[in-house]
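Q: using only what follows, build the 3D model:
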Amino acid sequence: MSPVSTIVNVSGMTCGHCVSAVSEELESLDGVENVDVDLNAGGISTVTVTSERELSASEVGEAVAEAGYLVVATNA
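A: I've put the predicted structure just below:
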C-alpha cells in the first residue's frame, strides 16, 4: 500500500521549537512515517504528514492540540 499524505494548517507556530513539538506529537501516531512542516512564523503553517494509513481529522487535531497548537480550516 502506498503512503498517504495528510495536509493540515496549523496556527500559532513561531519557531523551530514549535515545529519540533508538533512533529513529535504527530510522529507518535500509529503508522506515521514522516512529518514535514512549512513554518510560517506567526501565521498559518502547513504540516504534511506521511503515513501508512489514512489519519482521521480528530487524531491529527488532538496530536496538534497536545503540542499546544490549533488545526485551522484550509479554506478559512
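Q: and the next helix or strand past the biggest helix by length in the chain?
A: What stands out as the longest helix in the chain, according to DSSP state H, is helix 16-27. Counting by DSSP states H and E, the element after helix 16-27 in chain order, helix or strand, is strand 32-38.
Q: and the angle from the helix or strand just after that next one to strand 32-38?
A: With elements assigned by DSSP H and E, the helix or strand that comes after strand 32-38 is strand 44-51. Per axes from the mean of the first three to the mean of the last three CA atoms, to 10 degrees, the angle that strand 44-51 makes with strand 32-38 is 160 degrees.
Q: specify the angle between strand 44-51 and helix 16-27 in degrees.
A: Using the same axes, to 10 degrees: strand 44-51 against helix 16-27 is 30 degrees.
Q: and strand 44-51, which strands flank it?
A: Sheet pairing of strand 44-51 (DSSP bridges) gives strand 4-11 (antiparallel), strand 32-38 (antiparallel).
Q: who touches it?
A: Residues outside strand 44-51 that contact it (CB atoms under 8 Å, 6 or more residues apart in numbering): 3-11, 13, 19, 22, 26, 29, 31-40, 55, 60, 64, 72. (Glycine included, C-beta is placed from N, CA and C.)
Q: with stretch 9-18 instead?
A: 19, 22, 37, 39-47, 64, 67-74, 76.
Q: buried ones among those residues?
A: 19, 22, 37, 39, 44-45, 47, 64, 67, 69, 71 (16 or more other CB atoms under 10 Å).
Q: any idea what the residue minimising distance to the centre of the chain is bridged to?
A: The centre of the chain sits closest to Val47, judged by CA atoms, centre = their mean, with a distance of 4.5 Å. When assigned by DSSP bridges, Val47 has beta-bridge partners Val8, Val37.
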